[in-house]
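I would like the atomic coordinates for the input below:
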Amino acid sequence: MSKAAKFAANNAVHDGAMGFKHAAGIAREFAQFSAFSRDNGVRQMEHITRDLVIRYGEQLADRVSNHEIGQGHAQNAVSAINSVMRLATQGEWKSVSPTKECGIDQRNAIRETPPTGLDRAPLERGMAALSERGAAVAELAREFGLRSKESSLFDARAALREAQARGVISVTDGTKGGRPREVPLNPQDAEHAARQLAALERA
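Numbering: from 1, shown residues only. Model (predicted):
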């Protein structure tokens with residue numbers, strides 16, 4: 001099965017469907033799954049079922065809970081199996097969800113709070129060299145922990161009204177994965193919360 005997976009991945013590279021590095025990664029992850037499959041009496045790719053993949057994913061979820069591997073590694077492992085099986089079945093494979101079906105915790109790489117370690121002096125010198133709009137984008141990114149795309153697409157007028165009324169701002173455009181989120185004014189630091197409001201007013 002490992003050889004078949006590697007062959008399928010290499011064919012995808014040849015067809016331009018994926019890069020060498022990605023192909024090598026999914027072949028490597030599938031080799032681990034192949035060992036699990038053999039231990040469970042499955043030795044041929046055509047006998048792989050979604051139930052078998054889910055059981056493997058649940059085992060990975062247990063390893064995540066025991067801090068043996070990271071969430072990202074576990075999710076990528078299940079995704080690699082899905083990739084190989086889609087190639088092997090010419091797209092007929094119904095993907096297994098690593099989070100919903102295997103119980104692997106959802107990764108969250110989105111910043112929930114503004115950064116605190118940046119020295120303001122060089123930031124302010126840099127902002128002085130920017131246009132008015134550029135400075136507003138940079139200041140919103142700094143004070144609220146926004147990504148540059150989020151900050152660029154931001155409706156500052158609506159956000160200012162929301163911040164004054166609710167103490168949070170809604171970020172909907174340019175978010176990672178298209179997922180809307182809310183960022184609060186800093187509840188632990190009144191001075192920072194005031195700077196956040198001032199940034200919104202300037203923007």
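
From here on, just use CA atoms for contacts and neighbour counts.
Noted.

Which pLDDT does the model give the residue lying closest to V42 once chain neighbours are set aside?
Among residues not flanking V42 along the chain, I48 sits closest, at 6.9 Å (C-alpha to C-alpha, 6 or more residues apart in numbering). We have a pLDDT of 95 for I48.

Over to E101?
According to the model, E101 carries a pLDDT of 94.

Leaving out chain neighbours, which residue sits closest to it?
Using C-alpha to C-alpha, 6+ apart and skipping the chain neighbours, the partner closest in space to E101 is I54 (6.4 Å).

ok, the one you found - contacts?
By C-alpha atoms under 8 Å, 6 or more residues apart in numbering, the contact list for I54 reads V96, P98, E101, C102.

cool, and S152?
Counting by C-alpha under 8 Å, 6+ apart, S152 has contacts V137.

same check, this time on L160
I169, L197, L200, E201.

and the last one, backbone torsions?
Note on E201: backbone dihedrals following degrees, to the nearest 10 are phi -60, psi -40.

that older thread, name the nearest of the contacts of I54 relative to A128.
P98 (46.3 Å; C-alpha to C-alpha).

hmm, back to that, mind putting the contacts of L160 into a markdown table with secondary structure?
What follows is the contacts of L160, written out as a markdown table (DSSP: H, G, I helix; E, B strand; the rest coil):
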| residue | secondary structure |
| --- | --- |
| I169 | strand |
| L197 | helix |
| L200 | helix |
| E201 | helix |
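
quick check, nearest of these to S37?
I169 (48.1 Å).

In terms of secondary structure, what does the helix ranked longest in the chain contact?
The single longest helix within the chain, with elements called by DSSP state H, is helix 20-39. In terms of contacts (3 or more C-alpha pairs under 8 Å, 6 or more residues apart in numbering; DSSP states H and E), helix 20-39 is packed against helix 2-14, helix 50-65, helix 71-88.

could you give the angle of it to helix 2-14?
With axes from the mean of the first three to the mean of the last three C-alpha atoms, to 10 degrees as the basis, helix 20-39 and helix 2-14 are set at 160 degrees to each other.

Using PDB, write out every CA atom in helix 20-39.
Output of helix 20-39 as PDB, limited to C-alpha atoms (Å, rounded to 0.1, in the frame of the first residue of the first chain):
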ATOM      1  CA  PHE A  20       7.300  17.300  -5.000                       C
ATOM      2  CA  LYS A  21       7.400  18.300  -1.300                       C
ATOM      3  CA  HIS A  22       3.700  17.800  -0.800                       C
ATOM      4  CA  ALA A  23       3.800  14.400  -2.600                       C
ATOM      5  CA  ALA A  24       6.700  13.200  -0.400                       C
ATOM      6  CA  GLY A  25       4.800  14.400   2.700                       C
ATOM      7  CA  ILE A  26       1.500  12.600   2.000                       C
ATOM      8  CA  ALA A  27       3.400   9.400   1.000                       C
ATOM      9  CA  ARG A  28       5.300   9.500   4.300                       C
ATOM     10  CA  GLU A  29       2.100   9.900   6.300                       C
ATOM     11  CA  PHE A  30       0.300   7.200   4.300                       C
ATOM     12  CA  ALA A  31       3.200   4.800   5.100                       C
ATOM     13  CA  GLN A  32       2.400   5.200   8.800                       C
ATOM     14  CA  PHE A  33      -1.300   4.500   8.100                       C
ATOM     15  CA  SER A  34      -0.300   1.500   6.100                       C
ATOM     16  CA  ALA A  35       1.300  -0.100   9.100                       C
ATOM     17  CA  PHE A  36      -1.900   0.600  11.100                       C
ATOM     18  CA  SER A  37      -4.000  -1.000   8.300                       C
ATOM     19  CA  ARG A  38      -1.800  -4.100   8.300                       C
ATOM     20  CA  ASP A  39      -2.200  -4.500  12.000                       C
END
